[in-house]
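**Q** Provide a 3D model corresponding to the input given below.
(one chain, ligands or ions: 2)
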Amino acid sequence: MALEVPFEGGCMCGALRYRCAEAPAMTLCCHCTDCQRRTGAAFGITVSVNTSAFSILKGETTSWLSIRQSGSKLLFQSCAVCGTRCWGDLPDIPESTLILGGTLNVAISLEPSAHIYTATKQPWVSIPDNIYEAENKPDWRKVFSS
Ligand SMILES: [Zn+2]
Ligand SMILES: [Zn+2]
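**A** Ligands and ions are numbered 1, 2, ... in the order given. You can find the predicted model right below:
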C-alpha cells in the first residue's frame, strides 16, 4: 500500500493536525537511544519532507530544542494539549521538516529506505536484507539515494 499524496497526520487528541502536499524525500528508522527514549518504543520513524509542502491545518504547538552531541539541532513540535510530538524543524536546514512517522493517518503505508544506529537496535527487531543499514552515523548520500 503506497503512501497517497497529499497525506495528513496529527496528535493523539486531534487538536494538532498537519498536511503534506508532496511525497517524502526520505523515510528512515532510527534505532539510536535518543529515538528509543523520545518514542518509548524500539525505534523512531523519521519522514523527511520539503518544508514548502508542509502546513499546519489546526492546533497550537509547544517546542523543545534538542541538541545532539554532534551539534545538530532539532526543534521538536508537540501538541500543546496532549503533548504528542508530531514533527521537528531543523534550525540549520529550514528547507526540510522531519515528520514523526507514527503520527501519519496511514503510517502503515510508509516504506523506510534505511535503518540507522542499528548498533543499539533491540535484538528482536529484524531488518530486511535489501535495505541500507548503518550501525552508527549513516552515509547520508546512501540514505537519500536508496
Ligand atoms: Zn493533541
Ligand atoms: Zn535516532
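
**Q** hey, what's Thr62 bridged with?
**A** The residues paired with Thr62 through beta bridges, assigned by DSSP bridges, are Ser78.

**Q** give me the distance between it and Tyr18.
**A** Here the criterion is C-beta to C-beta, to the nearest Å. By it, Thr62 lies 15 Å from Tyr18. (C-beta placed from N, C-alpha, C; glycine too.)

**Q** out of these two, which sits in the more crowded spot?
**A** Taking neighbours as other C-beta atoms under 10 Å, Thr62 and Tyr18 compare with Tyr18 leading, 24 against 13.

**Q** Cys86 is in contact with the more buried one, correct?
**A** Yes: in this structure Tyr18 lies within contact range of Cys86 using C-beta atoms under 8 Å: 6.4 Å.

**Q** identify the contacts common to the two.
**A** Between them, Tyr18 and Cys86 share these contacting residues under C-beta atoms under 8 Å, 6 or more residues apart in numbering: Gly9, Gly10, Ile99.

**Q** so which residues of the chain form helices?
**A** Defined through DSSP state H, the helices belonging to the chain, from first to last, are 33-39, 140-145.

**Q** want to throw these into JSON lines with mean neighbour count, distance to Gly71 and mean pLDDT?
**A** Converted to JSON lines, the helices of the chain look like this (neighbours: other C-beta atoms under 10 Å; distance: least, C-beta to C-beta, whole Å; pLDDT from 0 to 100):
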{"stretch": "helix 33-39", "mean neighbour count": "15", "distance to Gly71": "14", "mean pLDDT": "94"}
{"stretch": "helix 140-145", "mean neighbour count": "13", "distance to Gly71": "15", "mean pLDDT": "82"}
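
**Q** for ligand 2, find the nearest of those helices.
**A** Within the helices of the chain, the stretch nearest ligand 2 is helix 33-39; the backing value is 3.2 Å (C-beta to the ion).

**Q** residues in contact with the residue nearest the centre of the chain?
**A** Within the chain, one residue has its C-alpha closest to the average C-alpha position: by C-alpha atoms, centre = their mean, that is Thr46, at 2.1 Å. When the contact criterion is C-beta under 8 Å, 6+ apart, the partners of Thr46 are Thr27, Leu28, Cys29, Cys30, Leu98, Ile99, Leu100, Gly101.
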